[in-house]
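# predicted structure and sequence below. I'll ask about it afterward.
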Amino acid sequence: MGKLRVPLKSNTLFRSLQVLSHRDRQKVGVVALIQVVLGLLDLLGVIAVGLLGALSVTGLQSQQPGNRVVSALNFMNISQFSFQVQALFLGISAVFLLVGRTILSIFFTRRILFFMSRRGARISSELISRLLAQSLLKVQSRTTQETLYAVTIGVEMVVLQVLATSIVLLADLSLLVIMGIGLFIVDPVTALGTFCVFTLIGYFLYKFMHVRAGMLGRRSSELSISGNEKIVEVFSSYRESVVRNRRDYYAREIGKLRYDLSDVKAEVNFLPFVSKYVIETSVIVGALLMGATQLVLQDASHAIATLAIFLAAGTRIAPAVLRVQQGTILIRGGLGQAAPTLDLIDSLGSLPIIENVDDKVDIFHEGFISEVEVTNVSLTYPMKTSKAIEDISLRIPEGKAVAIVGPSGAGKTTAIDVILGVLNPDEGSVLISGLPPLLAFAKWPGAVSYVPQDVVISAGTIRENVALGYPLEEAVDELVMSALRIAQLDKFVEGQELGLETQVGERGTKLSGGQRQRLGIARAMFTKPRLLVLDEATSALDSETEVGISQAIHALRGSTTVVLIAHRLSTVRNADLVVYLDRGKVIKVGTFDEVRNSVADFDHQAKLMGL
């Protein structure tokens, strides 16, 4: 995938065009030129119809054709043939040119819409990938709905409502210019009647196409909902996606849904053009039949030629005028709606796309050392003057349980976010197994797991939630049940009729708060991590369950390093090391008793807890 570059121009239409690559813009230019050429075919077809009408009048009246008709016949090198042969040639030529133009227009319009729709899917996929390459602060700088709109509806506004409509509009404008000459000989009253006929035919065509459009609309809604759910899912579980190195999986899955939706959208947008070309063809054929009937049944007059050329030109001009009006409204509305997406592309164009990763679950993590080195780390949030964390240095030994404690606002979660690589420090460095966090996650996917305080539950099955971010075929029973046992959720699952396929409801509405929390712990244990980070992960559990899970987690010591944030001091009583933070600084590092003896506030809290 190439870079998304949109220069900062005041002209939004120009900015929309820059969304396409140079090669794509060349293709669009060629197609636009072809559409202009198709307008010339219309003009030639109308001329053939006019000549046929004029020739029929003079032939039936046994008169010589006018000078302009003779010149045209000489130009086509058919003046030496009989009247019948000339009429047959002109009739066949008119049908060939006008029907041929209709078929070619259908073909090229369909190609344009599918081409632009697929480009829109590619742009959405690239935007998602680049958004997921940002730090947590950048991700949180936009609301979820802003992001959803920009990467879905906004992209559609850019490529379909603005660019694709502009290409089709250019073809109609070219047609109007080319066919404009014929208007000089058109009767306005007859033109109004023709317009009414077009409207009636269009109404019946609309009713005929309604069933197809309804089916496509339902499919479009299903894909839109699925895609939006995936987008909400990945951004709601951003920390987990970073730590588990699953961002590329989401980018690909969302991209696939967007591609499927793009085909449906293209078909939806294509249906009106079918009606357009059917209307034109129906009226042309009807006009030719009417002319033939008049030639056979009635005396011809000079008005026949005038009516013939007008009918031929009017079948092209009247719908084109309507399309130009509608297209102008669509583009004008689309330009305003496309602005958020163009602004997002401006801000993300230079960011790299997330690299592809292996979707296989690795539970061995060979070569990974579950040791964390934090050296002189400081971070200040945007629009803040004081540092959230300041000059923190910390070594978390392999196989130990380390508790980070302190009052609210002490910087505990910020410190964890920096350790996990979802926030970049202003100063200092963090190494996990000797590498920066994101590089460590990429080298040893699944070796580090994270459980947030507010666990994100997807609207799916228990199996899907435990293996969140991985393909379903990787969620084998053995791995899933092993993780559920550690989280003490295995008995609950075994008691369900559908077992691992039990639906949990949107955001886990079918589960209790404690069950949702345990499901998050099971998810973290799915890849058998060597470094486990818990941010108030047992806060929603009852005391008995909390003790059981704490015992299971502490039993991992030796093979797994555990880092936890907890307000309940009973949870951290058995930690190997306790790190006390206050106002973004490390006040004391030591055993529970050592920290208690050095920090009065900590000792006071311990006494209140009866410890």
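Ah, there it is. As the structure is a computational prediction, the values presented were derived from the model and not from experiment. Residues are numbered from 1 along each chain as shown.
# any idea where the helices of the stretch 101-250 of the chain begin and end?
136-140, 144-151, 153-156, 165-179, 188-236, 238-243, 247-297 (DSSP state H, counting those that start in this stretch).
# buried residues in stretch 592-607, which are they?
Within stretch 592-607, the residues scored as buried using 16 or more other Cβ atoms under 10 Å are 592, 595, 596, 599, 602, 605, 606. To be clear about C-beta, it is placed using only N, CA and C from the backbone, and glycine gets the same treatment.
# among these, which are in helices?
Using DSSP state H, 592, 595, 596, 602, 605, 606 are the members of the buried residues of stretch 592-607 that sit in helices.
# any chance of the buried residues of stretch 592-607 in TSV, plus pLDDT?
Shown next, in TSV, are the buried residues of stretch 592-607 (pLDDT from 0 to 100):
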residue	pLDDT
592	92
595	94
596	92
599	91
602	88
605	83
606	81
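# can you lay out these as JSON lines showing distance to residue 335?
Formatted as JSON lines, the buried residues of stretch 592-607 follow (distance: Cβ to Cβ, whole Å):
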{"residue": "592", "distance to residue 335": "63"}
{"residue": "595", "distance to residue 335": "61"}
{"residue": "596", "distance to residue 335": "64"}
{"residue": "599", "distance to residue 335": "60"}
{"residue": "602", "distance to residue 335": "59"}
{"residue": "605", "distance to residue 335": "59"}
{"residue": "606", "distance to residue 335": "63"}
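# would you confirm that residue 575 contacts residue 564?
Yes: counting by Cβ atoms under 8 Å, residue 575 touches residue 564, with 7.5 Å between them.
# now do the shared contacts for the two.
Common neighbours of residue 575 and residue 564, using Cβ atoms under 8 Å, 6 or more residues apart in numbering, are 401, 402, 403.
# among those residues, which one sits closest to residue 112?
Among the shared contacts of residue 575 and residue 564, residue 402 lies closest to residue 112 (Cβ to Cβ), at 59.7 Å.
# so what's that closest one up against?
Counting by Cβ under 8 Å, 6+ apart, residue 402 has contacts 396, 561, 562, 563, 564, 575, 576, 577, 578, 579.
# and the last one, how close does it get to residue 595?
Relative to residue 595, residue 579 is positioned 8 Å away (Cβ to Cβ, to the nearest Å).
# could you do the fifth one as well?
Using Cβ to Cβ, one gets 15 Å for the distance from residue 564 to residue 595.
# what does residue 465 give?
From residue 465 to residue 595 the distance is 36 Å (Cβ to Cβ).
# what do you get for residue 435?
30 Å.
# then residue 40?
86 Å.
# show me where the stretch 451-600 of the chain has strands.
531-535, 561-565, 577-582, 585-590 (DSSP state E, counting those that start in this stretch).
# how about residues contacting the third one?
Judged by Cβ under 8 Å, 6+ apart, the contacts made with strand 577-582 from elsewhere in the structure are 389, 392, 394, 396-397, 400-407, 410-412, 415, 572, 586-592, 594-595, 599, 601-602.
# show the average pLDDT along that strand.
Throughout strand 577-582, pLDDT has a mean value of 94.
# which strands border it, and is each parallel or antiparallel?
Applying DSSP bridges, strand 577-582 is found paired with strand 401-405 (parallel), strand 585-590 (antiparallel).
# so can I have a markdown table of those showing distance to residue 442 and mean pLDDT?
Converted to a markdown table, the strands paired with strand 577-582 look like this (distance: least, Cβ to Cβ, whole Å; pLDDT from 0 to 100):
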| stretch | distance to residue 442 | mean pLDDT |
| --- | --- | --- |
| strand 401-405 | 24 | 93 |
| strand 585-590 | 29 | 95 |
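# I'm done for today, thanks for sticking with me.
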